[in-house]
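1. Fold the following, please.
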Amino acid sequence: MKLCKVPCCVALIVLGFISARASVFGDVKGAVVDPQQRPIAAARVTLSSRSSAFARTVDTDNAGEFSFRAVAIGEYVIAVEANGFAKSTTAVTVLSDRATVVAVQLRIAPVSQQVTVTSPPGRVDSNAATPVTLISREQIATAPGADRTNSLAMITNFVPGSYVTHNQLHIRGGHQVTWMVDGIALPNTNIADTVGPQFDPKDIDYLEVQRGGYTAEYGDRTYGVFNVVPRNGFERNREAELLVSYGNFNQTNAHLSFASHTRRFAYYASVNANRSDYGLETPVRDVLHDQNNGAGGFASLIFNPNTKDQFRLVTALRRDFFQVPNAEKAQRDGIRDVESERDAFINFNWVRTVSSRLMLAVSPFYHDNRASFTGGAADPLSARDDRSSQYGGAQIVLSSLTNKHDAKVGFYGFIQHDSALFALKGVDDKGDPIDIRHQQNPRGRLLAVFAEDQFKPVSWLTLSGGLRITHFHSGQSENAISPRLAVSIRLPRVGVVLHGFYGRYYQPPPLSTVSGPLLQFALAEGFDFIPLRGERDEEYQFGATLPVKGWTIDGGYFHTRARNFFDHDALGNSNIFLPLTIERVLVRAFELAAQSPELFHHAHFHLAYSRQRVQGQGSITGGLTDFSPPADLFFLDHDQRHTLSGGFTVDLPARSYFSANVNYGSGFLDGDGPQHLRAHTTLDLSYGKRLGEDWLIALHTVNVTNNRYLLDNSNTFGGTHFAEPRQIYLELKYRFHY
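-> So this is what the prediction gives:
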């Protein structure tokens, strides 16, 4: 068996250096015609970023066609020029894993002047059945509280069905999500045992959020994919930016970044630090023993040695420290539990444009994620839980783009090595001493291959199909075959896009489990342990995207059935979450998202709404638990029927802006249910003003009314938590050249 492992490891490493396209990229293709619909050859087409100095230029071929391969996610302008015709500009939005199709018709140029035709940003994509929310760095900077280092408001403000409860991000009823940085997934098989951020929101250029309906390339994290395009340096020229803030709870946030670019090279680097007397959600209204602090660094490098190759390197290191908040009695008793976390990754991308149709990319990666819980010396039963996970692997995709096909084949895989230590020390209820220490070092690997194609037989119809085959091995082996099917139909004239999807997913389990003397102690305390198996999901969804006078309105219904649904059980009032799986879970929801164009030349509006039900059924099929579910359907603790977020940003005179966001929830499950807690509403506000060209001062307020409502009170999953209190902080930005 040991001899068999060697070729597998060698094959994985070798494959990491033969890989192909990373999913941070999309493609832009189109055709240029004259007023009689005849193709225009040798027209000059320029693709320019709306947020930086990045630009690329090509000429149309004899059929009037053009294409740009490996275009990073974001908003762009396409400018087309040809002799004898007026210049035309078109705004487009590029999303990952699909081709944005642009049809340009040039007008005959007048004798004395040229006419410029400008279209609004194109957010409707007929090629995709996946609902997508694209969030820019401008939205993150102006949305109240969204640019704080440990904030997830950049997601919960804009994405339907997303919320934070017991300090964990949930979306579409679950918390199994994929974080991608520069198109490369950061593998993490551990379930909700870290609460610190992996990177600072201020380092993000665009955040693309996909909610279900994934192609075979995107893997198996059913509930959400967060694709981060980091700042890259093309938006600056030897410029640095310093941000400092201070607010109540003695919260501070500091961020210093440097960036610049040449024609072929761009870099961005930053360091950050933060602290506050309020960190994690509290079990009571009072904020007791709840300090946190953190620091990190981030770097992004892009090098284009020629027109066919692009190299991208992204790396980050972050450390966070949290005091675990107390209730009144625990504070009097001197309970002082703490949590330390660390996350580091390095991702490399080599993209090779072999021809106008064929593209290859190489994407090896390394990820190190650690969490350490330490119980206080005064705890009657002090726990210690140290876990580190290291992942090394690669993503491989080979893509071919033609007039009617966008086909890919690829590989994704990693080797994982965990080191886990769990210890208990103290006395039990009878006064007998307890001293348990258990160390384990499990290993595992995941290998997946996939193939997919987007076929466009006519301009208004896109058919997509794919297959993903996954093998996972640790203490046990599991295999999964996951088909994906989708259709998108663009209705003529009105521009409405109808889309539908069916697919299956497989999500591997955590490696670290409970065994040895700790298991014997748990069994004696009335717990039980069943080996963990991977989650298997089946999803279908359908909906429509409507462009109305520049607005983009996207609505749809999804239905997800899960077997071995991953959840977690908290150990007492600690921050130790032990994974478990529920036999069956059903998630159903209607979602609605709306984005406005620029209103009255000064304002933008957004809305995200979800009506959702999250129900479980059956027994606990894996993990450590003393929880006995009802025989019939029961609601999970993070079930919330109605979730709504809406807000706007308006530009004011004197180079200032005002931003507001309202968040509403109908209430999470009350204990074991079926009743739910009361509805809750919070209001966040922000006001900013530029002082000259280099200074910006902003005042942010989160939860203006200080509505300290009970967020959740489930003692089975996650414990009791109150919503975060009112926080007011003043932010100062200064940009300078070096």
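2. Tell me where the protein has helices.
-> 2-15, 137-142, 153-156, 328-332, 516-524 (DSSP state H).
3. Please compute how far the shortest one lies from its chain's middle.
-> Meaning helix 153-156. Distance, stretch centre to chain centre, for helix 153-156: 10 Å (CA atoms, centre = their mean, to the nearest Å).
4. Kindly report the same for stretch 310-322.
-> Distance, centroid of stretch 310-322 to centroid of chain: 15 Å (CA atoms, centre = their mean).
5. Buried residues, that stretch. List them.
-> Buried residues in stretch 310-322, defined by neighbour count with 16 or more other CB atoms under 10 Å: Gln310, Arg312, Leu313, Val314, Thr315, Ala316, Leu317, Arg318, Asp320, Phe321, Phe322. (Glycine included, C-beta is placed from N, CA and C.)
6. And stretch 705-725, by the same measure?
-> Across stretch 705-725, burial judged by 16+ other CB under 10 Å covers 708-714, 716-725.
7. Surely Arg443 is in contact with Ala420?
-> No: Arg443 is beyond contact range of Ala420, at 11.8 Å (criterion: CB atoms under 8 Å).
8. The helices of the chain: lowest mean pLDDT?
-> Per-segment mean pLDDT for these reaches its minimum on helix 2-15, at a mean of 41.
9. before we move on, back to that, in strands, which of the buried residues of stretch 705-725 appear?
-> Leu710, Leu711, Asp712, Asn713, Ser714, Gly719, Thr720, His721, Phe722 (DSSP state E).
10. partner residues bridging the residue nearest to the third one when sequence neighbours are not counted?
-> Spelled out, that is Asp712. Counting by CB to CB, 6 or more residues apart in numbering, Phe668 is the residue found nearest to Asp712 once chain neighbours are left out, at 4.7 Å. Counting by DSSP bridges, Phe668 is bridged to Gln640.
11. quick one, what contacts Phe668?
-> Phe668 makes contact with Thr165, Asp637, His638, Asp639, Gln640, His676, Leu677, Leu711, Asp712, Ser714, according to CB atoms under 8 Å, 6 or more residues apart in numbering.
12. Show me how to select, in ChimeraX, the buried members of these.
-> Command for ChimeraX, covering only those of those found buried under the criterion 16+ other CB under 10 Å:
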select :165,637,638,639,640,676,677,711,712,714
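13. quick one: which of the contacts of Phe668 is nearest Val548?
-> Minimum distance to Val548 across the contacts of Phe668 is 28.6 Å, recorded for Gln640 (CB to CB).
14. What ranges in this protein fall below the confidence cut-off?
-> Applying pLDDT under 70 to the chain flags the ranges 1-24, 110-127, 192, 429, 512-529, 569-577, 624-630, 715-718.
15. which one is the residue nearest the centre of the chain nearest to, not counting chain neighbours?
-> Taking CA atoms, centre = their mean as the criterion, Phe226 is the residue nearest the geometric centre of the chain, at 2.0 Å. Leaving aside its chain neighbours, Phe226 sits nearest to Trp179 (5.1 Å; criterion: CB to CB, 6+ apart).
16. gap between that neighbour and Thr560?
-> Using CB to CB, to the nearest Å, Trp179 is found at 20 Å from Thr560.
17. As a markdown table, the contacts of Phe668 with distance to Ile140 would be great.
-> Shown next, in a markdown table, are these (distance: CB to CB, whole Å):
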| residue | distance to Ile140 |
| --- | --- |
| Thr165 | 22 |
| Asp637 | 29 |
| His638 | 25 |
| Asp639 | 29 |
| Gln640 | 24 |
| His676 | 31 |
| Leu677 | 30 |
| Leu711 | 24 |
| Asp712 | 27 |
| Ser714 | 31 |
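18. Who is Ser49 paired with across the strands?
-> Tyr76.
19. Contact partners for it?
-> Contacts of Ser49 (CB under 8 Å, 6+ apart): Ala55, Gly74, Glu75, Tyr76, Phe234.
20. any idea which of those residues has the most stuff around it?
-> Greatest neighbour count in the contacts of Ser49, by other CB atoms under 10 Å, goes to Tyr76: 25 neighbours.
21. ok, that residue touching Ser51?
-> No: using CB under 8 Å, Tyr76 is not in contact with Ser51, being 9.2 Å away.
22. Which stretches in the stretch 1-150 of the chain count as strands?
-> With DSSP state E, counting those that start in this stretch as the criterion, the stretch 1-150 of the chain has strands at 25-33, 44-49, 55-59, 65-72, 74-81, 88-94, 99-105, 117-119, 132-136.
23. now swap in the stretch 151-300 of the chain and tell me
-> Assigned by DSSP E, counting those that start in this stretch, the strands in the stretch 151-300 of the chain fall at 162-165, 168-171, 177-181, 184-185, 204-210, 224-230, 239-247, 251-261, 265-276, 292-303.
24. Nearest to Val33, out of those strands?
-> So among these, strand 204-210 is nearest, using CB to CB, at 30.8 Å.
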